[in-house]
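> Mind looking at a prediction? Sequence and model below.
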Amino acid sequence: MSQLSSAGSSGLTSRSSQVGVLSRCWCGGAITTYTSKTDENPYRRFYRCVVGVKEKKEKPMFRWVDDALLEEIRIVESKQNQLLEDLKNMVTNNVELQKEMVREMEEKVEKNMIEIMRQELMDAKESMENSNKKRICVLVVVAVSMAWLYGKMI
Ligand SMILES: [Zn+2]
């Protein structure tokens, strides 16, 4: 009973992995293409396991070629979808890259701002020094006038 269920599950896994155009049977045997001679499917081509054909006891592996091709197309389609998904991811990564670039730009602007600020500060310092000179001039004028006043008082 347990043997049966395990065989059934293994059959399921092998079936799920056996999609599309096959090159080998799940038993490891080579696959050959035959042409159907039945009235139902005249000249319809199908795959058959070579070992399965020779040995009657094996569960025969059988697959119509057009079915397999359809499956193959579906596999290719899903791969295409995966590619599309990858492309989408790449685009999102590109957005990330753009964000990175914007961040770098902002950093550069920030650096420029710092440079501008430094320049402003230097200018301010210079003008402050100028104003100090002016203050010195004022002080000199005041001192001279005070001296003049002092001299006049004497
Ligand atoms: Zn086989």
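Okay, I see it.

> Tell me which other helices or strands the helix or strand harbouring E100 touches.
In this structure, E100 sits in helix 65-153 according to DSSP states H and E. Secondary structure elements in contact with helix 65-153, counted by 3 or more Cβ pairs under 8 Å, 6 or more residues apart in numbering; DSSP states H and E, are strand 45-49. The C-beta positions use only the backbone N, C-alpha and C, and glycine is treated the same way.

> Sort out which residues of the strand it packs on are buried, please.
F46, Y47, R48, C49 (16 or more other Cβ atoms under 10 Å).

> what sits up against whichever helix or strand comes after that strand?
For strand 45-49, the succeeding helix or strand toward the C-terminus, using DSSP H and E, is helix 50-54. Contacts of helix 50-54 from elsewhere in the structure, counted by Cβ atoms under 8 Å, 6 or more residues apart in numbering, are C25, C27, G28, G29, A30, I31, T32, E58, K59, P60, M61.

> From these, pick the one nearest L139.
Comparing the contacts of helix 50-54 against L139 with Cβ to Cβ places G28 closest, at 106.4 Å.

> In three-state terms, label the closest one for me.
Using DSSP: H, G, I helix; E, B strand; the rest coil, the structure places G28 in coil.

> for the one 10 residues further on, same thing?
Remark: T38 carries the secondary structure label coil [criterion: three-state DSSP].
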